[in-house]
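Undergrad: give me a 3D structure for the following:
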Amino acid sequence: DWGARLEKARKAYEKAYRLLDERRFKEAAETAEAALEALDGLDVPLARRVETLKKEIARRAGAARRTERMRRLVEKADGLRAAGRYREAAAAYRRALEMDPSDEGAKDGADFCERAAAAVEAFGQGRWKEAADAAGDALTRARDRRMKKILFAAAVRSGQWYRFSVTSRRVHAGRTVAGALPSGLIVSAGVDKNLVLHDGTGAKLQTLRLDAPVRSLITCGDTVVLGASDGGLAAYRLDGKSLKPLWKNKGHRLWVRSLAVAGDGSLYSGGSDGRVVRRRLATGEKISERRILRAGWVNALLPLPDGRIAAACSDHAIHILTADLSEEVLRRKGHSGAVLALKLAPDVRVTADDTFRGEFVERTGTLTKLRTGLGTVEIDNDKIKSVLYSVFSSGTDGRILKDGRTFCKAPKAPFRALAGLDGLLVATRADVFVLLPAAGENTVKPLRTFRLPAKGVSIAVDPDGLRAVVGCDDGSISVWGLGDR
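TA: Take a look at the predicted model:
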């Protein structure tokens, strides 16, 4: 009986050792306990070895449980960080560090998220210099596009400056329009009847031949829409790193000079025939149209936050139309020449129990958020009585107007294209790329000017708001990205 018990214990010991090597701790502990039961009352060296093994199993099982808890905490922290919830992510990283203070990844993550949270908080409260400093400090620890965007926006508002990286390439023969797509890709088209897809540096990835010269281009997500000089419209969908045809139809009798996409997925096009046409972006199906009497060319279109559509025309006026184009509700004059471009200003005035003025942040189902000089204000949508948005317009008279009042003058050459880049109004004037402050009511001067390869005719800002792509009159595209501090 003694020999049988010893043999049984020996086999259980060997099995427990194998299970420990396989990290099957629960089974290893149970097998080691069975070995001790077989040796009950026997004072032999094997019993002492089993006791030692049992302690080792308990030690390794505890370490494995701590490692698993830490892994889950770090995964949770990484997810919160990716969602921009930096304060919660920093707390999760700190809890992980309590388990293993030597983990460099958790330590770096906690340091970055604490500084990123400080940047977000300072930016929301309008403390621009603190936000820029905190975001810059965070970026010394890790690359993060959200922090880079906050850094640039806060720096502009606090009077600091950052370098732009510039890449220019000549890719077409003649006038070119360009746009930005997700994943850093760029698309351009020109009067040479070519549609070209580029990588982030402007290098060609794909070239498609078109039926007519292109006069206008717009991107919405992964969809590209072209307006041609024969009045045609064509849409393409980005599939990986290539463009696939989506639909094509005849939109206008003359040139398609302007395109815009509204929040409900409607595509608006304006032409040299004075008409504005509304279509479904996904299919190209026409929904409605309206001819603006005596308007001449429709040079630019701008969907407004309240659902209406603004049309900049060559009759020196901006025409405000209902979303379904059934009615013209307002005609606003101010320019002494054709209106060339429109851009929504970042500031808005909301009247509720009180009147608030600031930068529009977002509108949810119940709240409207504004960023004011006193911080971020949340206004109950049910209490809002009126909302007034500001609009920039540029014309052949060389002026940029904000709500009908002169904002900037350039008498020698008009501003031909407008776009927004986090606190800045970006414009092209002749062969110059101009940066203007987007806030303010009085006449302003350009903050910075940069030379373009040729006359700029279009500007598009990428979805991240960190690059501006300019199409030029000589077939060049110029990519302006936020550089290092």
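
Undergrad: give the buried residues for stretch 210-221.
TA: If you call a residue buried by 16 or more other Cβ atoms under 10 Å, then stretch 210-221 has these buried ones: 210, 212, 213, 214, 215, 216, 217, 218, 219, 220. Glycine gets a C-beta too; all of them are placed from N, C-alpha and C.

Undergrad: could the residues you listed go into TSV alongside secondary structure?
TA: Below are the buried residues of stretch 210-221 laid out as TSV (DSSP: H, G, I helix; E, B strand; the rest coil):
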residue	secondary structure
210	coil
212	coil
213	coil
214	strand
215	strand
216	strand
217	strand
218	strand
219	strand
220	strand
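
Undergrad: specify which member of the residues you listed is nearest to residue 335.
TA: residue 216 (20.5 Å; Cβ to Cβ).

Undergrad: tell me which residues touch that closest one, please.
TA: When contacts are counted by Cβ atoms under 8 Å, 6 or more residues apart in numbering, residue 216 touches 177, 226, 227, 256, 257, 258, 259, 269, 458.

Undergrad: how close does the second one sit to residue 309?
TA: The gap separating residue 226 from residue 309 is 20 Å, by Cβ to Cβ, to the nearest Å.

Undergrad: now do the fourth one
TA: When distances are taken as Cβ to Cβ, residue 256 and residue 309 turn out to be 16 Å apart.

Undergrad: pLDDT wise, what is the residue nearest the centre of the chain at?
TA: Per Cα atoms, centre = their mean, the C-alpha nearest to the average position across the chain is that of residue 464, at 2.7 Å. Residue 464 carries a pLDDT value of 71.

Undergrad: distance check, it against residue 414.
TA: 29 Å.

Undergrad: try residue 177
TA: Taken as Cβ to Cβ, the span from residue 177 to residue 414 is 17 Å.

Undergrad: these two - which one has more neighbours?
TA: It is residue 177, of residue 177 and residue 414, that has more neighbours when counted by other Cβ atoms under 10 Å, with 28 against 22.

Undergrad: and that one, what does it touch?
TA: Neighbours of residue 177 in contact, by Cβ under 8 Å, 6+ apart: 188, 189, 190, 214, 215, 216, 217, 457, 458, 471.

Undergrad: re earlier: looking at residue 256 and residue 309, which one has more neighbours?
TA: A side-by-side neighbour count of residue 256 and residue 309, using other Cβ under 10 Å, places residue 256 first with 29 against 23.

Undergrad: next up, phi/psi of that one, please.
TA: Taking degrees, to the nearest 10, you get phi -90, psi 110 for the backbone angles of residue 256.

Undergrad: what sits against it?
TA: 215, 216, 227, 228, 229, 231, 232, 233, 269, 270, 271.

Undergrad: burial measure for the third one, as a count.
TA: Burial measure for residue 227: 27 neighbouring residues, criterion other Cβ under 10 Å.

Undergrad: can I assume it is in contact with residue 251?
TA: Yes: under the criterion of Cβ atoms under 8 Å, residue 227 lies in contact with residue 251, with a separation of 7.0 Å.

Undergrad: which residues are common contacts for the two?
TA: By Cβ under 8 Å, 6+ apart, the residues touching both residue 227 and residue 251 are 233, 269, 271.
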